[in-house]
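**Q** Just a sequence and a predicted model for now, questions to come.
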Amino acid sequence: MWEYSEEVKEHFFNPKNAGAIDEANATGEVGSISCGDALRLTLKVNEEDDVIIDAGFQTFGCGSAIASSSALTEMIKGMTVDEALKVSNQDIADFLGGLPPEKMHCSVMGKEALEAAIANYRGEEWVDDHEEGELVCKCFGIEAPMIEEQVRANKLTTVEDVTNYTKAGGGCSTCHEKIEEVIAKTWEAMGETMPVAAATTTPDEDLVPLVTPEPVAAKGKLTMVQRIRKIEETLEEMRPTLKADGGDVELIDVEGKNVYVKMTGACSNCQLAAATLGGIQQKLIEALGEFIKVIPESEKAKLGAA
Amino acid sequence: MDKKRIQRNAKDHRRGITMQGIYLDNNATTKVDETILAEMMPFFTEYYGNPSSIHQFGERVGHSLKKARKQVQALIGAEHDHEVVFTSCGTESDSTAILSAIKAQPDRKEIITTTVEHPAILTLCEFLEKDGYTIHHIEVDNKGRLNMEQYKKALSDKVAIVSIMWANNETGTIFPIVEMAEMANAAGVMFHTDAVQAVGKLPIDLKNTKIDMLSLSGHKLHAPKGIGALYVRRGLRFRPLLRGGHQERGRRAGTENAAGVVALGKACELAMEHMEYENTTVKALRDRLEKGILEQVPSCFLTGDVENRLPNTANIAFEYIEGEAILMLLNKEGIAASSGSACTSGSLEPSHVMRAMDIPYTAAHGTVRFSLSRYNTEAEIDKVIAAVPPIMERLRKLSPYWSEQGPVCEPEKSFNPVYA
């Protein structure tokens, strides 16, 4: 069985706001019975100040789908529709104390139903940019289209490259064979021959200098000052690449295995921030020769509060 | 074995164990029988010698392995005890069988299997497909019955091996293995069956069949996990998966899991004694469970070939609800079952077995498998019958596809999603 948080269990076993509400003036429906999950969200919005007075859900789906729906209705009640639109699927997951990676799509379904309902309230048509593909990496919830896109754009040739760009394969490693297949198929679709053994050669200059073949350093334990210096050096190496995309990264703190960084500029609200963090983490692990976790500074406040 | 005694054992089996609840997931794995556990324990600290050794420590173990081999032989009706090769699990037995067949017959580049096979076979075949093998997947109808015409057509001298399960793990549907083995034999094709669900539940008499290889697994019949066996017909061309020492007559190298082997032997002996009980009392409990649920819960039905199933397995499809949610609520009531829904496995699709049978989309995500054992009691079954209806009602109340009058007609039309 999944490792669900206590919050997920609570919202599943005792769901809040189940059922359609009377006098709803906004409805959002997403999913389908053949996909295995579907959600109808009904809202009652005060038309004078746009505040959501009441919300109800009807969900066909697994435990986390029901919990996500319940959480969503609790979160948005009392918000204006504009405020509600800022609720992200990550917010829903956070509200529930986290979701297993394979279950993140449940929170996405909640977010989409909300967008659809608000569009319905405003008399607009909600266009879905929902792209679903085969789930390749279950640890980080990465689907095939995302990997294909990165392989295409950056001419990636190895599993290691793919992990650096997308995080896929960075966990349990069960999907490495699958990732190799996606890489091979993508190159085939591009109509190009994949360069062999690219991982051991120096990458092209216009690519992110990801895989530095220098051996993992530091067998002995580094002092804190040495570690911080190493981290700064590594971030410095990566900086030109980030700046090329209009962003930057700043080291905030190091606590044991946790390295807190601040993403600034274009990186701070980039969709690929998570992938970038994954890339930074990979580089730091290589440089330090130990396992560390890169955490955005914004998460630190939350961790501290918890 | 005396029926009263088995029933008393069933009632007492919880003594001294801390896990409470009603275990109806015996097709996944089973409780180790106390007698079996007692039998294997001395092989850890007392009879720990290597059976290959000359000294008394090894000799004692060697004798025990021999006895266990005979116990397995008896249950599956093999002609010779040395036709039994001990392995680590059902999956190892399956892999050994298929890889042996293709290695031994390098000119044959086709394999016949089914669409509803266990991943131990399907995933291996998928892998071999990349190496240039052609895989014939025999299809099933909506009752889970194999398409025999398709099977007949697929048999040829290009086929290295046929591998078809004796009984399906999800629905319990039994396939006509004896007949299919004869057809393969007539066409000059090797025949393997994954019988992990069937062994101990159905009478098997290999010496009177044309089956060449058969896989079985200890933990499905109250022996511990980590022990299995592969039956290899005497004289069959064989290539080992693990090469090394001379153990198992060179067919499976590696020091024997003596405690596991002894346990499997005992498990086979006990399975033999319980075979009748399994097919009468356990079957009656299963039927009682099904009847109780089907009578009380609207919009649900049995899947698989209902007339031709394992005695312990019930697979019920509940429409308009999702399986994982059902399992979580059952678990809260202390009832352990399993589901073929997408969400329990982490994939986006419901189980391949349900898809192969073309179960209506309204029900494919809501299938629940209850699999019983000789440890279940009537009182337990009655508790489950009482617990199930409120759970279904509760989840259907949450579902957009269900109204107070029952299922909404044409669910896809009344529900207008922005995307599907």
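**A** That came in fine, so what should we check first?
**Q** going forward, measure contacts and count neighbours with C-alpha atoms only.
**A** Will do.
**Q** Wasn't B:Asn185 part of a helix?
**A** Yes. With DSSP: H, G, I helix; E, B strand; the rest coil as the criterion, B:Asn185 is located in a helix.
**Q** Just the pLDDT at it, thanks.
**A** pLDDT, B:Asn185: 98.
**Q** Tell me, how many residues neighbour it?
**A** Number of residues near B:Asn185 (other Cα atoms under 10 Å in any protein chain shown) recorded here: 17.
**Q** can you pull the contacts of B:Leu241?
**A** Shown in contact with B:Leu241 (Cα atoms under 8 Å, 6 or more residues apart in numbering or on different chains): B:95-96, B:99-100, B:251-252.
**Q** And those residues, which is closest to chain A?
**A** Of all the contacts of B:Leu241, chain A sits closest to B:Ser95, with 18.8 Å by Cα to the nearest Cα.
**Q** Is the closest one in contact with B:Ile121, as I believe?
**A** Yes. If you go by Cα atoms under 8 Å, B:Ser95 and B:Ile121 touch, sitting 7.3 Å apart.
**Q** between these two, who's got more neighbours?
**A** Per other Cα under 10 Å, whichever of B:Ser95 and B:Ile121 has more neighbours is B:Ile121, with 21 against 17.
**Q** can you pull the contacts of the nearest residue to the more buried one once chain neighbours are set aside?
**A** Once flanking residues are discounted, B:Ile121 sits nearest to B:Asp94: 6.6 Å by Cα to Cα, 6 or more residues apart in numbering or on different chains. By Cα under 8 Å, 6+ apart, the contact set of B:Asp94 is B:120-121, B:194, B:215, B:230.
**Q** Quick check: B:Asp94 vs B:Pro119, distance?
**A** 10 Å (Cα to Cα, to the nearest Å).
**Q** Same question for A:Leu43.
**A** Separation of A:Leu43 from B:Pro119 (Cα to Cα): 44 Å.
**Q** Tell me which of these two has more neighbours.
**A** Legend: neighbour count by other Cα under 10 Å for A:Leu43 and B:Pro119, higher for A:Leu43 (27 against 12).
**Q** Could you measure from that one over to A:Ala24?
**A** Going from A:Leu43 to A:Ala24 by Cα to Cα gives 5 Å.
**Q** right, and B:Gly49 touches B:Pro42 too?
**A** No. Counting by Cα under 8 Å, B:Gly49 sits too far from B:Pro42 to count as a contact (11.2 Å).
**Q** More neighbours: which of those two?
**A** Using other Cα under 10 Å as the criterion, B:Gly49 and B:Pro42 rank with B:Gly49 on top: 20 against 12.
**Q** and that one, helix, strand or coil?
**A** Secondary structure, three-state DSSP: B:Gly49 is coil.
**Q** And for B:Phe370?
**A** Three-state assignment for B:Phe370 (three-state DSSP): strand.
**Q** okay, now it: neighbour count?
**A** Using other Cα under 10 Å, B:Phe370 has 25 neighbouring residues.
**Q** Same check on B:Leu236?
**A** A count of neighbours around B:Leu236, defined by other Cα under 10 Å, yields 13.
**Q** B:Glu83 versus the spatially closest residue to it that is not a sequence neighbour, what's the distance?
**A** Leaving out its chain neighbours, the residue that sits closest to B:Leu236 by Cα to Cα, 6+ apart is B:Asp212, at 7.2 Å. Here B:Asp212 is placed at a distance of 10 Å from B:Glu83 (Cα to Cα).
**Q** what is in contact with the two at once?
**A** Residues touching both B:Asp212 and B:Glu83 by Cα under 8 Å, 6+ apart: B:231-233.
**Q** Can you tell me which of those end up in strands?
**A** Among the shared contacts of B:Asp212 and B:Glu83, the ones falling in strands (DSSP state E) are B:231-232.
**Q** from the shared contacts of B:Asp212 and B:Glu83, which is closest to B:Asp141?
**A** Closest approach between the shared contacts of B:Asp212 and B:Glu83 and B:Asp141, by Cα to Cα: B:Tyr231, at 29.8 Å.
**Q** so that closest one bridges to which residues?
**A** For B:Tyr231, the beta-bridge partners under DSSP bridges are B:Val84, B:Leu214.
**Q** Report how many residues lie close to it.
**A** For B:Tyr231, the count of nearby residues is 26 (other Cα under 10 Å).
**Q** wait, isn't it in contact with B:Thr87?
**A** No. Assessed by Cα under 8 Å, B:Tyr231 is found out of contact with B:Thr87, at 10.2 Å.
**Q** Check which helix or strand B:Arg60 maps to.
**A** B:Arg60 is part of helix B:56-76 when elements are defined by DSSP states H and E.
**Q** ok, now B:Lys225?
**A** If you go by DSSP H and E, B:Lys225 is not part of any helix or strand.
**Q** what's near enough to touch the closest residue to it other than its chain neighbours?
**A** Closest residue to B:Lys225 apart from its sequence neighbours, by Cα to Cα, 6+ apart: B:His219 at 4.8 Å. Taking Cα under 8 Å, 6+ apart, we find B:His219 in contact with B:29-32, B:225-227.
**Q** try B:Val116
**A** So B:Val116 contacts B:139-140, B:168, B:352-353, B:356 (Cα under 8 Å, 6+ apart).
**Q** Please apply the same query to A:Phe140.
**A** A:101-102, A:167-168, A:170-171.
**Q** count of neighbours near residue 141?
**A** By default, I'm working from chain A. Other residues within reach of A:Gly141, judged by other Cα under 10 Å, total 16.
**Q** The intended chain is chain B.
**A** 14.
**Q** Let's see stretch B:63-71 as PDB, backbone CA atoms only.
**A** C-alpha atoms of stretch B:63-71 as PDB (Å, rounded to 0.1, in the frame of the first residue of the first chain):
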ATOM      1  CA  HIS B  63      18.800 -36.800   3.400                       C
ATOM      2  CA  SER B  64      16.300 -34.100   4.200                       C
ATOM      3  CA  LEU B  65      16.600 -32.600   0.700                       C
ATOM      4  CA  LYS B  66      15.900 -36.000  -0.800                       C
ATOM      5  CA  LYS B  67      12.800 -36.400   1.300                       C
ATOM      6  CA  ALA B  68      11.600 -33.000   0.400                       C
ATOM      7  CA  ARG B  69      12.100 -33.700  -3.300                       C
ATOM      8  CA  LYS B  70       9.900 -36.800  -3.000                       C
ATOM      9  CA  GLN B  71       7.200 -34.700  -1.200                       C
END
